[in-house]
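# I'd like to go over a predicted model; first the sequence, then the structure.
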Amino acid sequence: EETKSWKKMVNIAVSGAAGMIANHLLFKLAAGEVLGPDQPIALKLLGSERSLQALEGVAMELEDSLFPLLREVKIGINPYELFEDAEWALLIGAKPRGPGMERAGLLDINGQIFAEQGKALNAVASRNVKVIVVGNPCNTNALICLKNAPSIPAKNFHALTRLDENRAKCQLALKAGVFYDKVSNMTIWGNHSTTQVPDFLNARINGLPVKEIIKDHKWLEEGFTETIQKRGGLLIKKWGRSSAASTAVSIVDAMKSLVTPTPEGDWFSSGVYTNGNPYGIAEDIVFSMPCRSKGDGDYELVKDVIFDDYLRKRIAKV
Ligand code: LMR
C-alpha cells in the first residue's frame, strides 16, 4: 500500500460558518486549495444559536464530500471550545450591512462579538494563531479583537482588504486592456470602507507604473478610486446581499499570501497593526498597508513605496 507522509493536522476555526461566505470558503479549505495537498485540517465551525441547524447542514455536506484532507469537523456556538489550539481563525461571523448603510454602522452590534472572540482566542488558541477578520467594520473589529487578546502578538491579526485589492487589480486591467495577472504592487491603504485609498501611484502594469500605461489620470483619481470604494455597496444593491463568493476567494488569497513567499518585487495588502510602521500612519490602529511574506505565516511592511501629494492627502483622510 502506498504510504504518504502527512503534515501535522492544522486547526482552522471559522466563525459565521453557516453563512454564504463560509459556504464558498470551507469547501476550498477542505479541498486543499489553501494550505496544500499534504496538509490535513480540522474545521472548527462557530455559528450562533439561530444558525445551528444550518450549521449542521454545512457539516453534513462537508462530510458527504469525502475530502481526503478533512480529518475533523466540529460545530458549536461557544468560541472557547471552537477556538481551542486554532492555528487560523477566520472571523467572518457578523451582522452584514444592508442597502444604503455604511459598514461603520455595524460597529455597536459587531464590536461586542469581536471583543468576546478576542478573549476566547486569548484563552485557548495557539499562541501562533493567525487571525483574519472579515466581519465589518473589519479594521475596527480586528483592533477590538487584538486588544482583547493581549497574549497573542498584535501582528497576527489581519483585517481583510484583499477583496479591495483584487477589485482594484481587475478595474486597472480592464481599463488598460490587459489580463489581470499583469497588475502588481497593488496597495489598498486604510480601512475596508468608502475612504480607502487604492494606490495607483505604486501599482504596476506589466512592471511599469500604472500612470505610464493609463494616461487618463482624472479617471484614476476619481472614477477608479470611487469604483473600488463603492464596489461592495453596488454589489449589495445588485444582489440584495453582500458579496460572498469573491470574498471567499479573497480570504483564500490572503491566507496563501502568508504561507507562500511573496514573488520578488511584488507585495499584497492587508489591514495590520500600525505600531512601528514606516509611513507615518497613526500608531495603535489597524490600517491596510503593503506587506511581504517569507511564507512562514508572518509578514513585513514594504519600505520602498513612494508618495506624492495626492496619495499623502488621501491617506490622511482615511
Ligand atoms: C464587500 O466589500 O463586498 C463587503 O465588505 C460587504 C460590504 O458591506 O460591502
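Nice, I can see it.
# drop to CA atoms for contacts and neighbour counts, all remaining ones
Will do.
# In contact with Thr247, which residues?
Thr247 is in contact with Ile21, Leu163, counting by Cα atoms under 8 Å, 6 or more residues apart in numbering.
# What part of the chain, helix or strand, is modelled with the least confidence?
helix 107-124 (a mean of 94; mean pLDDT, DSSP states H and E).
# and that helix, does that touch the ligand?
No. Helix 107-124 lies apart from the ligand when judged by Cα under 6 Å from any ligand atom; the minimum separation is 12.2 Å.
# Check which helices and strands that helix sits against.
Counting contacts by 3 or more Cα pairs under 8 Å, 6 or more residues apart in numbering; DSSP states H and E, helix 107-124 packs against helix 79-82, helix 138-147.
# Domain map for this structure?
Following automatic domain parsing, one gets these domains for the chain: 10-159, 162-317.
# which one of those domains has the most crowded surroundings?
The highest mean neighbour count among the domains of the chain, using mean count of other Cα atoms under 10 Å, belongs to domain 10-159: a mean of 20.
# Would you mind measuring the gap between the ends of it?
By Cα to Cα, to the nearest Å, the extent of domain 10-159 from end to end equals 21 Å.
# Against the ligand, how distant is Ala13?
According to Cα to the nearest ligand atom, to the nearest Å, Ala13 and the ligand sit 20 Å apart.
# what do you get for Ala17?
Distance, Ala17 to the ligand, by Cα to the nearest ligand atom: 16 Å.
# Kindly report the same for Gly36.
From Gly36 across to the ligand, the span is 27 Å (Cα to the nearest ligand atom).
# Same check on Phe307?
From Phe307 across to the ligand, the span is 26 Å (Cα to the nearest ligand atom).
# OK, contacts around the residue nearest to that residue when sequence neighbours are not counted?
Distances taken as Cα to Cα, 6 or more residues apart in numbering put Leu201 closest to Phe307, at 7.5 Å, once the chain neighbours are dropped. Residues near Leu201 by Cα under 8 Å, 6+ apart: Pro209, Val210, Lys211, Ile306, Phe307, Leu311.
# For the fourth one, which non-adjacent residue is spatially closest?
Nearest-residue entry for Ile306: Asn202, 6.6 Å, with adjacent residues in sequence omitted and distances by Cα to Cα, 6+ apart.
# Look at the residue in the stretch 101-250 of the chain that the ligand sits nearest to and give its secondary structure.
The ligand sits closest to Gly232 of the stretch 101-250 of the chain, with a gap of 3.4 Å, by Cα to the nearest ligand atom. Counting by DSSP: H, G, I helix; E, B strand; the rest coil, the backbone at Gly232 sits in helix.
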